[in-house]
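A.B. asks: Provided below for reference: sequence and predicted model.
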Amino acid sequence: MLARENRLLSADDFRSTMKQGRKVGSDHIVIYLKRDEASPHARFGFVVAKTVGGAVQRNLVKRRLRAMSRQALQTLEIKADVVVRALPGAASLEWSKLQSEFESGFAAAIKKSARA
């Protein structure tokens, strides 16, 4: 579980991050990153729709994405809001494939947001 200060909690936070943030997509996930230097911590949120699968598959994907986000927080040096949206097929991926997509997408989002 992510600590409360590292979670996006309100719908407005999700909405503003997805609207104003930089978007990077891969085959199975889309990452939205909005830098927010006023925030004391980086915050993550997850969107896993029913198109991903049943409740068991959706919860599996959310648990995996939370674990990857916890790892990313340890090395993250920027303050940002991040929304990770899972696409259909994410539940059928192996851990290593999902992790490589997450890491490459997250690095690309950070790089893309630095240019803006």
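C.D. replies: Right, received. Where do you want to start?

A.B. asks: contacts and neighbour counts: CA atoms only from here.
C.D. replies: Will do.

A.B. asks: tell me which residues in the helix or strand containing residue 59 are buried?
C.D. replies: When elements are assigned from DSSP states H and E, residue 59 belongs to helix 55-75. When neighbours are counted by 16 or more other C-alpha atoms under 10 Å, the buried residues of helix 55-75 are found to be 57, 58, 61, 62, 64, 65, 66, 68, 69, 70, 73.

A.B. asks: Identify, from those, the entry nearest to residue 80.
C.D. replies: Lowest distance from residue 80 to those (C-alpha to C-alpha) belongs to residue 73, with 10.7 Å.

A.B. asks: The residue nearest to that closest one when sequence neighbours are not counted: how many residues sit nearby?
C.D. replies: Once flanking residues are discounted, residue 73 sits nearest to residue 42: 7.4 Å by C-alpha to C-alpha, 6 or more residues apart in numbering. A total of 21 residues lie near residue 42 under the criterion other C-alpha atoms under 10 Å.

A.B. asks: Spell out, range by range, the strands that occur in the chain.
C.D. replies: Secondary structure of the chain (DSSP state E): strands located at 22-25, 29-35, 43-48, 80-86.

A.B. asks: re the thing from before, touching the helix holding residue 59 from outside, list them.
C.D. replies: Applying C-alpha atoms under 8 Å, 6 or more residues apart in numbering, the external contacts of helix 55-75 come out as 1-2, 42, 44, 46, 48-50, 52, 84, 86, 90-91, 95, 99, 102.

A.B. asks: and those, which two are the farthest apart?
C.D. replies: Comparing all pairs in these by C-alpha to C-alpha, the longest separation belongs to 42 and 50, at 26.8 Å.

A.B. asks: Let me know which of the strands of the chain is tucked in deepest.
C.D. replies: Between these, the one whose residues have the most neighbours on average, counting mean count of other C-alpha atoms under 10 Å, is strand 80-86 (a mean of 25).
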